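Enquirer: Structure for the following, please:
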Amino acid sequence: TLRKAPKLSYQALHPGNNKQNVPLALSIILETTIAAAKSYLPNREDIASFLTIFNTWWTISNSKKRYTPNKLGNAIVKGDQKTDFYRKLADYIETWSKPLVFTLITQIARAFINTLRAHAILIDELLNDNYEFILTAGLQSDPIERRFSQYRQMSGGRFLVSLREVMNSEQISVCR
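Expert: The predicted structure follows:
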């Protein structure tokens, strides 16, 4: 009955078999949930700060437009400190993962740390190679998965697709 956090639900906090459900996970780090945490738990600033860190990461990592109303969601440009945020978050996760009281699974923590550092390096390299801006949503696996889904559909819906079928699909895509 938390009216200040309308998207926060029992299922979001206890996902069961829906652990990879992005909307459920996002409902935990939304601005409304952060505001509710500040309001209902004023003595626990750590909770709101923790949620804010991950909300910031999500917003920066999902930029799809050059300019958005939320400046964190803007494309990354040289000098905007967003790659520094990635590096600091990687350091934070690494420090946070050392005590085994409450932490991420080791493999997830390592993958997250490596991804954050790799994105920071890649983005800095692209900006140094005179790219004007970087849309970070393109660095995720979603576009790749969407492309492979197209290959499977164009190959009769089979899960395993041969190189020849990929090449044929690419030729068809170019002709369109």
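Enquirer: Which helix or strand lies directly C-terminal to the longest helix anywhere in the chain?
Expert: If you go by DSSP state H, the chain has its longest helix at helix 106-128. Next in sequence after helix 106-128, counting helices and strands by DSSP states H and E, comes helix 142-154.
Enquirer: So what touches that following helix?
Expert: Contacts with helix 142-154, where a contact means CB atoms under 8 Å, 6 or more residues apart in numbering, come from 158-159, 161, 165-166, 168-169, 172-173. No exception for glycine: its C-beta is placed from N, CA and C like everyone else's.
Enquirer: one more time with 6 Å, if that's ok
Expert: Residues outside helix 142-154 that contact it (CB atoms under 6 Å, 6 or more residues apart in numbering): 161, 166, 169.
Enquirer: give me the number of residues near the second one?
Expert: By the criterion of other CB atoms under 10 Å, residue 166 has 15 neighbours.
Enquirer: and it, that's in a helix?
Expert: Yes - read with DSSP: H, G, I helix; E, B strand; the rest coil, residue 166 is one of the residues of a helix.
Enquirer: Near the closest residue in space to it that isn't next to it in sequence, how many other residues are there?
Expert: Of all residues not flanking residue 166 in the chain, residue 151 sits nearest, at 5.4 Å (CB to CB, 6 or more residues apart in numbering). Neighbourhood size, residue 151 [other CB under 10 Å]: 17.
Enquirer: roughly how far apart are residue 151 and residue 141?
Expert: From residue 151 across to residue 141, the span is 15 Å (CB to CB, to the nearest Å).
Enquirer: do residue 42 as well
Expert: Distance of residue 42 to residue 141, given as CB to CB: 39 Å.
Enquirer: so who does residue 90 touch?
Expert: Shown in contact with residue 90 (CB under 6 Å, 6+ apart): 113, 116-117.
Enquirer: Give me the local confidence score for residue 2.
Expert: Looking at residue 2, its pLDDT is 50.
Enquirer: Excluding chain neighbours, what is closest to residue 87?
Expert: With sequence-adjacent residues excluded and distances taken as CB to CB, 6+ apart, residue 87 is closest to residue 120, at 5.2 Å.
Enquirer: any idea how far residue 64 is from that neighbour?
Expert: Noted for residue 120: a distance of 19 Å to residue 64, by CB to CB.
Enquirer: Tell me which of these two has more neighbours.
Expert: Shown here are residue 120 and residue 64; by other CB under 10 Å, residue 120 has more neighbours (20 against 11).
Enquirer: Provide a list of residues in contact with the more buried one.
Expert: 83, 86-87.
Enquirer: cutoff 8 Å now
Expert: Contact analysis of residue 120 by CB under 8 Å, 6+ apart lists 83-84, 86-87, 90.
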